[in-house]
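In: Give me the fold of what follows.
(2 chains)
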Amino acid sequence: MAFSRRQIDRVAFVACLCGWGWIALTLNGVTANLPFSVCPIKLLFGVPCPACGSTHAVIHIVEGHFREAFRCNPLGFILAAGLIVVPAWVVIDYLRRRTTFRLFYSRFEGWFSQKKVALPAIVLIVANWVWNILKY
Amino acid sequence: MESQKVDMYLMTNSKFFESYQLPMIRERLLQLDDDRWPQLQMLQLKDPTIFLIVSLLGGTLGIDRFMLGDTGLGIVKLITCGGCGIWTIIDWFLIMPATKERNLMTFQQYIY
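Out: As a prediction, the model looks like this:
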């Protein structure tokens, strides 16, 4: 992106706000009335992507229905955790004038780029995708 | 480095960088020793057009970001349906400047 890595905390904060905004729109039924699917893969091929259903999964998690959330999309748990933790982390960092989130982000990238981490993650994502295709 | 060599390098590799970056790159290359020319030739730069194609085809899955080395953004893009499709579209326009920016970083790492 045209932003530097120094701005990653701001980008993450704005992305989380957009995420909450999207969930609010879904709760108000705005997204259900859209004439098209927002997922480009579903729109083009008629097949859901690995993340389809995660908005409803997050909503189920917020309401406390964890089993339904898992059935919708297990990725919802990661998203819900991110949506809660990241904005709080960025705000705390900003108030304390620290850069712990930025440090964590670059360390996480390094850790995730390792083959022993990336390969199981790819397998899990593909498995989840297949399950998603069978579900919808 | 000789200005002829530098100009030749810039002519063949200008597509990898933003146009406003080229004078700075030229300046740096002119200051560089001649014996680093073979190394410069082997510098792995990413083609912005390839990234645009990847972004158009696999942007929803974050493949463009993974290829660029932005693993974190790639994961976020993957698990959010490409930012509900909106980020995918934004990235069609941002991926080429981002690739050129990354190429400049690679170049600067080589220079220093």
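In: which residues does residue 37 contact?
Out: Going with chain A. For A:S37, the contacting residues are A:L43, by CB atoms under 8 Å, 6 or more residues apart in numbering or on different chains. To be clear about C-beta, it is placed using only N, CA and C from the backbone, and glycine gets the same treatment.
In: Chain B is the one I meant
Out: B:1, B:5.
In: if you set the cut-off to 10 Å instead, what comes out?
Out: B:1-2, B:5-6, B:9, B:29 (CB atoms under 10 Å, 6 or more residues apart in numbering or on different chains).
In: can you check B:D35 too?
Out: Contacts of B:D35 (CB under 10 Å, 6+ apart): B:M1.
In: May I have the phi/psi pair for it?
Out: With angles defined as degrees, to the nearest 10, B:D35 sits at phi -70, psi -10.
In: how much space is there between it and chain A?
Out: 32 Å (CB to the nearest CB, to the nearest Å).
In: what about the longest helix along chain B, average pLDDT?
Out: Criterion DSSP state H: the longest helix present in chain B is helix B:86-111. Mean per-residue pLDDT for helix B:86-111: 90.
In: For it, which helices and strands make contact with it?
Out: helix A:8-27, helix A:40-45, helix B:22-31, helix B:37-41, helix B:48-58, helix B:63-68, helix B:71-79, helix B:81-84 (3 or more CB pairs under 10 Å, 6 or more residues apart in numbering or on different chains; DSSP states H and E).
In: Report the buried residues of that helix.
Out: For helix B:86-111, a neighbour-count test (16 or more other CB atoms under 10 Å in any protein chain shown) marks B:87-88, B:91, B:94-96, B:98-104, B:107 as buried.
In: Let me know the angle separating it from helix B:48-58.
Out: Orientation of helix B:86-111 against helix B:48-58 (axes from the mean of the first three to the mean of the last three CA atoms, to 10 degrees) gives an angle of 150 degrees.
In: wait, which of the contacts of B:W37 is closest to chain A?
Out: B:L29 (23.6 Å; CB to the nearest CB).
In: quick one: the residue nearest to that closest one when sequence neighbours are not counted from B:D34, how far?
Out: Spatially, and ignoring its direct neighbours in sequence, B:L29 is nearest to B:V6 (4.4 Å; CB to CB, 6 or more residues apart in numbering or on different chains). Separation of B:V6 from B:D34 (CB to CB, to the nearest Å): 11 Å.
In: Which one's more surrounded, these two?
Out: B:V6 (20 against 9; other CB atoms under 10 Å in any protein chain shown).
In: Could you check the pLDDT of that one?
Out: 88.
In: my guess is it contacts B:S14, does it?
Out: No - taking contacts as CB atoms under 10 Å, B:V6 lies outside contact range of B:S14: 11.9 Å.
In: Find the residues that touch each one of these two.
Out: Common neighbours of B:V6 and B:S14 (CB under 10 Å, 6+ apart) are B:I25.
In: Quick test: name the residue nearest the centre of chain A.
Out: In chain A, the residue lying closest to the centroid (CA atoms, centre = their mean) is A:L79, at 3.7 Å.
In: most tightly surrounded among the helices and strands packed on helix B:86-111?
Out: helix B:81-84 (a mean of 26; mean count of other CB atoms under 10 Å in any protein chain shown).
In: mind listing what the residue lying farthest from the centre of chain B touches?
Out: When each C-alpha in chain B is compared with the mean C-alpha position (CA atoms, centre = their mean), B:C84 comes out farthest, at 25.8 Å. By CB under 10 Å, 6+ apart, B:C84 lies in contact with A:18-19, A:22, A:25-26, A:31, A:37-40, A:51, A:54-55, B:60.
In: can you give me the helices in chain A?
Out: Using DSSP H, the helices of chain A run over A:8-27, A:40-45, A:54-63, A:66-72, A:75-96, A:100-112, A:115-135.
In: JSON lines please, covering the ones you listed and showing distance to chain B and mean pLDDT.
Out: Output for those, formatted as JSON lines (distance: least, CB to the nearest CB, whole Å; pLDDT from 0 to 100):
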{"stretch": "helix A:8-27", "distance to chain B": "6", "mean pLDDT": "90"}
{"stretch": "helix A:40-45", "distance to chain B": "5", "mean pLDDT": "85"}
{"stretch": "helix A:54-63", "distance to chain B": "7", "mean pLDDT": "90"}
{"stretch": "helix A:66-72", "distance to chain B": "13", "mean pLDDT": "91"}
{"stretch": "helix A:75-96", "distance to chain B": "5", "mean pLDDT": "93"}
{"stretch": "helix A:100-112", "distance to chain B": "5", "mean pLDDT": "91"}
{"stretch": "helix A:115-135", "distance to chain B": "7", "mean pLDDT": "91"}
